[in-house]
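[1] give me a model of this one.
(one chain, ligands or ions: 1)
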Amino acid sequence: MDIEIECPYCGELVTIFVDPSGGESQTYVEDCPACCRPWTIHAVEEEPGGFAVGVARQDE
Ligand SMILES: [Zn+2]
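    Have a look, this model is predicted:
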């Protein structure tokens with residue numbers, strides 16, 4: 001499913017894809033398509049098909 005987030009480095013609004021088949025709690029690393037810096041993404045399925053996504057900088 002597609003989720004819109006704000007890059008914690010450059011503030012760009014970016015749509016990311018969370019794979020529901022990856023489990024109800026997922027943590028992975030993805031690079032910002034705008035500034036190419038790495039995010040740590042944490043996605044938690046709060047309801048069937050509904051993910052809450054948090055994005056953190058890797059240098060924190
Ligand atoms: Zn960025």
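
[2] from here on, contacts and neighbour counts on C-alpha atoms
    OK.

[3] so where's the chain uncertain?
    Across the chain, the ranges flagged by pLDDT under 70 are 60.

[4] which bits of it sit near the ion?
    C7, C10, C32, A34, C35 (C-alpha under 5 Å from the ion).

[5] dump those to a markdown table, plus neighbour count and secondary structure.
    Below are these laid out as a markdown table (neighbours: other C-alpha atoms under 10 Å; DSSP: H, G, I helix; E, B strand; the rest coil):
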| residue | neighbour count | secondary structure |
| --- | --- | --- |
| C7 | 22 | coil |
| C10 | 12 | coil |
| C32 | 19 | coil |
| A34 | 13 | coil |
| C35 | 12 | coil |
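
[6] now the residue lying farthest from the centre of the chain: phi and psi?
    What lies farthest from the middle of the chain is P48; by C-alpha atoms, centre = their mean that is 17.6 Å. P48 adopts backbone torsions of phi -50, psi 120, taken as degrees, to the nearest 10.

[7] now it: how far from F17?
    According to C-alpha to C-alpha, to the nearest Å, P48 and F17 sit 16 Å apart.

[8] strands of the protein, start to end?
    Under the criterion DSSP state E, strands of the chain are mapped to 2-6, 13-17, 25-31, 38-47, 50-57.

[9] save these as TSV, and put in mean neighbour count too.
    Output for the strands of the chain, formatted as TSV (neighbours: other C-alpha atoms under 10 Å):
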stretch	mean neighbour count
strand 2-6	13
strand 13-17	14
strand 25-31	14
strand 38-47	17
strand 50-57	16
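
[10] return the distance of the nearest residue to P33 once chain neighbours are set aside relative to G22.
    Using C-alpha to C-alpha, 6 or more residues apart in numbering and skipping the chain neighbours, the partner closest in space to P33 is V14 (7.7 Å). Counting by C-alpha to C-alpha, the gap from V14 to G22 is 20 Å.
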